[in-house]
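Peer 1: mind folding the following:
(one chain, ligands or ions: 1)
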Amino acid sequence: MAALVLFGCTVASVLSDPTFNGLPRDLKVVEIFSGVGSVAAAATASGLSSQPFDKFRIEGRTNIPGRSCEDLTVKAGFVNAVKLVMQLALGGLLWLAPVCSSWVGLNISRTLRSHKNNFQGDTTYPKVAEGNLQAKACAFFMQLAQFRGIEVILENPPSSTIFNFPVLRAAISSMKLVSFVTHRCAFDVSAAKGKRLWKKYKFVGPAAWVQKLAKPCPCQGKNHIYLTERWTDCHGKNRFKGLKTLLDKSAAYPAAMGTAAVKAWLSNTAEKHRAPDSETRGQKRKAVWSTNSWLQPSVSGAVDSRPSSKPHWCLPPAGK
Ligand SMILES: [Zn+2]
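Peer 2: Reported below is the predicted structural model:
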């Protein structure tokens, strides 16, 4: 597959550009398309440096082009996101939850996404063009993350076709990521059972820990609040539509899910990089972030040389 080029950047050009590789690797968690920012907030609550990123995070700042832009469909926002990814420490967590409205069945009559068009959809429809650009940006970040030794989670509804979008499918395959589905109601402790939203999330991430986020519905046969309305029209045809307010609410992770995500990632991080058994038995282990050299920020200006073998997408595009 040819190298991904976005706003004139390739993964290779970013890795060799002092604007990016000169940044300190001092972030542990970055949440892109953060919405209410549950994952970043949970990381902060654990004492870890984190940064949420979302076009609609700060009205009048992050949704307009400029220094604070967090809109991935314009260059300023894309560059700001790349900087955050490059600031992630080795072993840090990159959480990607792209907007799903362009990828799910509710709008399929407009998006026209199908295997016949390789899930590219009707690119003349602005929602599709925007969704494709966001998906390519996610693939770009995943490629970058692979090279930088960063853990990645990609989240969307189980029915989303974004997982089949070619550049994302290639990144998922190359990183050997696996998927699990979890129920939102398992984390929505703020609502009584019977009054929780019926919503499932699909997580694609590292096999070593992503399954820890998979929780079944705990509602024991009680009712849920559904996000769609179904009826039969005057011609006897079954119809359904999404209920926007509930759909928007369901996209916000419950705080407990952010906490569970950070806990799952940290547990694997601690396990993977536990000190050797020769360490004095009974000696209290210090916090992972402060004791393991692999987690320390790289020297400013230095290009991280790990891993030694470059993925094929790190090679310059043909002709350069
Ligand atoms: Zn439930």
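
Peer 1: okay, residue 106: pLDDT?
Peer 2: Note on residue 106: pLDDT of 79.

Peer 1: nearest residue to it in space, please, no chain neighbours.
Peer 2: Distances taken as Cβ to Cβ, 6 or more residues apart in numbering put residue 242 closest to residue 106, at 4.6 Å, once the chain neighbours are dropped. All C-beta spots, glycine's among them, are computed from the backbone N, C-alpha and C.

Peer 1: who does the one you found bridge with?
Peer 2: Counting by DSSP bridges, residue 242 forms beta bridges with residue 228.

Peer 1: my read is that it contacts residue 108, right?
Peer 2: No - at 11.8 Å, residue 242 does not count as touching residue 108 under the criterion of Cβ atoms under 8 Å.

Peer 1: tell me, how many residues neighbour residue 180?
Peer 2: Residues near residue 180, counting by other Cβ atoms under 10 Å, number 17.

Peer 1: can we start the residue count at 46 from this point?
Peer 2: Let's use 46 as the start, then, which means that last one is residue 225.

Peer 1: surely it is in contact with residue 255?
Peer 2: Yes - using Cβ under 8 Å, residue 225 is in contact with residue 255, at 5.7 Å.

Peer 1: quick one: common contacting residues for those two?
Peer 2: residue 248 (Cβ atoms under 8 Å, 6 or more residues apart in numbering).

Peer 1: hang on, residue 114 in a helix?
Peer 2: No - with DSSP: H, G, I helix; E, B strand; the rest coil as the criterion, residue 114 is coil rather than part of a helix.

Peer 1: can you verify my assumption that it contacts residue 103?
Peer 2: No - the pair residue 114 / residue 103 is not scored as a contact, 10.4 Å apart, by Cβ under 8 Å.

Peer 1: quick one: which of the two has more around it?
Peer 2: A count of neighbours by other Cβ under 10 Å puts residue 114 above the other of residue 114 and residue 103, at 20 against 12.

Peer 1: how about the contacts made by that one?
Peer 2: 107, 108, 121, 122, 125.

Peer 1: quick one: secondary structure of the residue lying closest to residue 224 once chain neighbours are set aside?
Peer 2: What sits nearest to residue 224 in space, not counting adjacent residues and going by Cβ to Cβ, 6+ apart, is residue 249, at 4.6 Å. For residue 249, the assignment made with three-state DSSP gives strand.

Peer 1: again, but for residue 236
Peer 2: Following three-state DSSP, the label given to residue 236 is coil.

Peer 1: ok, now how distant is the residue nearest to the spatial centre of the chain from residue 313?
Peer 2: Nearest to the geometric centre of the chain sits residue 141, at 1.2 Å (Cα atoms, centre = their mean). With distances taken as Cβ to Cβ, to the nearest Å, residue 141 is found 18 Å from residue 313.

Peer 1: over to residue 238?
Peer 2: For residue 238, the distance to residue 313 - Cβ to Cβ - is 30 Å.

Peer 1: so which bits of the protein are right by the ion?
Peer 2: Contact residues, the chain versus the ion (Cβ under 5 Å from the ion): 230, 262, 264.

Peer 1: still on that earlier bit, residues near the residue nearest to residue 224, how many?
Peer 2: Using other Cβ under 10 Å, the number of residues around residue 249 comes to 22.

Peer 1: which residues does it bridge with?
Peer 2: Legend: beta-bridge partners of residue 249 under DSSP bridges are residue 199, residue 224.

Peer 1: mind listing what it touches?
Peer 2: Counting by Cβ under 8 Å, 6+ apart, residue 249 makes contact with 198, 199, 200, 208, 217, 222, 223, 224, 255.

Peer 1: got the contact list for the one residue in the stretch 96-245 of the chain that gets nearest to the ion?
Peer 2: Across the stretch 96-245 of the chain, the shortest distance to the ion (Cβ to the ion) belongs to residue 230, at 3.2 Å. Contact analysis of residue 230 by Cβ under 8 Å, 6+ apart lists 238, 241, 242, 243, 244, 262, 263, 264, 269.
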